[in-house]
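K.L.:
kindly return the folded structure for what I paste below:
(chains A and B)
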2 protein chains.
Amino acid sequence: MGRSSTAQERLLDAACDLLHSSGYSAVGVAEICARAEVKKGSFYHFFASKQALTLAAVDAHWTQQRPVWEALLGAAGQPPLERLRRLLDAQAAAQRADKAGGGSVRGCLLGNLALELSGREPEIQARLAEIFDEQAALVQGVLAEAAATAPVVAAPVAAGPVAAAQVAADLATARAVVAQLEGAVLLAKLADDPGRLDSLWPAVQRLVRAD
Amino acid sequence: MGRSSTAQERLLDAACDLLHSSGYSAVGVAEICARAEVKKGSFYHFFASKQALTLAAVDAHWTQQRPVWEALLGAAGQPPLERLRRLLDAQAAAQRADKAGGGSVRGCLLGNLALELSGREPEIQARLAEIFDEQAALVQGVLAEAAATAPVVAAPVAAGPVAAAQVAADLATARAVVAQLEGAVLLAKLADDPGRLDSLWPAVQRLVRAD
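P.N.:
As a prediction, this is how the structure comes out:
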């Protein structure tokens, strides 16, 4: 049982890694099994198909990431927008670590799969859509906190790390923050340059200012 | 010669369409040939590989799209930010047309390929990076025009369609606009809902306001 569980975990880890580096269509079950050091027969004991494994890998990835988002966005003793900045910094740090460790910026696993599989794999698409909705809801929560503490009169953004302006906390703004993150990561991956993400926070600061 | 030219064009059209719907790895030369009604032997007369065809298809797509961008961003008699709004509206209209015509939002061909192929197909990645740089330069040009005509003192965005605030025209802001477009299209594709792009212009209006 302990051994079976380990094989399943290795398959999930290998799938996350290979899907992140190469995408869905370019990776086969044989390659995932080889990376995980699991026999093909064992693969089908745990997962009905590559599609089923991908769905499980997406779930595993977000199950691991969601508490990180919650911890960063809910950190005690930090102003709300400072917590948002730290979340975005963590995303940029992950891209820098990829580049430093593996040689190239791999982008966002979930965003990569969203573009590759939407319109082709409805189950995976639906799960990814739920996850991005959860991300937008988490961002909206911290924006609502910021809006409740910001001054009532709109003011220009201060030079400091956190904007003193009034904050928009509607769902469209929260989704625009997630879109800005995904779009900036796309351009950083294309340029293979995590430094592109240095201007993410200034952009998001402007994006969340109320009119 | 006329016939050969037509076969080559049909291969490019078929590649653009299939790459847009299914991505790179999921589409094979046989499928492209079948769609184009061209024999496999003829394919290799025009293109050395699927990779070479994809590079040509990316070029053909941008060769067709760049004049559209230039026309919209350079339209005489329109204020600069109104021209930017029309460019973004055109992108949203293309997604709506995809949904109405083919049944689902297919996203941005170039953005889809950027996430799928970066780190795997260096030549295609380099060409896509150049194209996104050209897009950012075009956006920066219209922002520079807007900044030159906007009031010197920062002001809240007017209720009207075009912001009266001072505009930021640096390269990072132009890239942030392109990133917002790509990220919003990603989320619209994932939700299979072109209506998600209705909030693109309000977001971009905030994004381009100078601090």
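K.L.:
just the pLDDT for A:Ala210.
P.N.:
A:Ala210 carries a pLDDT value of 89.
K.L.:
pull up the gap between it and A:Val27, please.
P.N.:
44 Å (C-beta to C-beta, to the nearest Å). Where you see a C-beta, it was placed from the backbone N, CA and C, and this is true even at glycine.
K.L.:
show me which of these two is the more surrounded one.
P.N.:
For A:Ala210 versus A:Val27, the count of surrounding residues by other C-beta atoms under 10 Å in any protein chain shown is larger for A:Val27: 22 against 17.
K.L.:
for the closest residue to that one other than its chain neighbours, pull up the helix or strand it's in.
P.N.:
Nearest non-adjacent residue to A:Val27, counting by C-beta to C-beta, 6 or more residues apart in numbering or on different chains: A:Leu18, 4.7 Å away. Per DSSP states H and E, A:Leu18 falls inside helix A:2-22.
K.L.:
which strands or helices does that helix pack on?
P.N.:
Applying 3 or more C-beta pairs under 8 Å, 6 or more residues apart in numbering or on different chains; DSSP states H and E, one finds that helix A:2-22 makes contact with helix A:29-36, helix A:40-46, helix A:50-73, helix A:109-117.
K.L.:
could you give the angle of that helix to helix A:29-36?
P.N.:
120 degrees (axes from the mean of the first three to the mean of the last three C-alpha atoms, to 10 degrees).
K.L.:
need the residues that contact helix A:2-22.
P.N.:
Counting contacts by C-beta atoms under 8 Å, 6 or more residues apart in numbering or on different chains, the residues outside helix A:2-22 that touch it are A:27, A:31-33, A:35-38, A:42-43, A:45-47, A:53-54, A:56-57, A:60-61, A:102, A:106-107, A:109, A:112-113, B:119-120.
K.L.:
report the contact partners of the residue nearest the centre of chain A.
P.N.:
Centre of chain A computed as the mean C-alpha position; nearest residue by C-alpha atoms, centre = their mean is A:Cys108, 5.6 Å away. For A:Cys108, the contacting residues are A:91, A:181-182, A:185, by C-beta under 8 Å, 6+ apart.
K.L.:
show me those that map onto helices.
P.N.:
A:91, A:181-182, A:185 (DSSP state H).
K.L.:
tell me what the lengthiest helix in chain A is packed against?
P.N.:
Criterion DSSP H: the longest helix present in chain A is helix A:122-149. Counting contacts by 3+ C-beta pairs under 8 Å, 6+ apart, helix A:122-149 is packed against helix A:50-73, helix A:80-102, helix A:109-117, helix A:171-191, helix B:171-191.
K.L.:
show me which of the ones in helices among the contacts of A:Cys108 neighbour chain B.
P.N.:
A:181-182 (C-beta under 8 Å from any C-beta of the partner chain).
K.L.:
which of the ones in helices among the contacts of A:Cys108 lies closest to chain B?
P.N.:
Distance to chain B, by C-beta to the nearest C-beta, is smallest for A:Glu182 among the ones in helices among the contacts of A:Cys108, at 4.1 Å.
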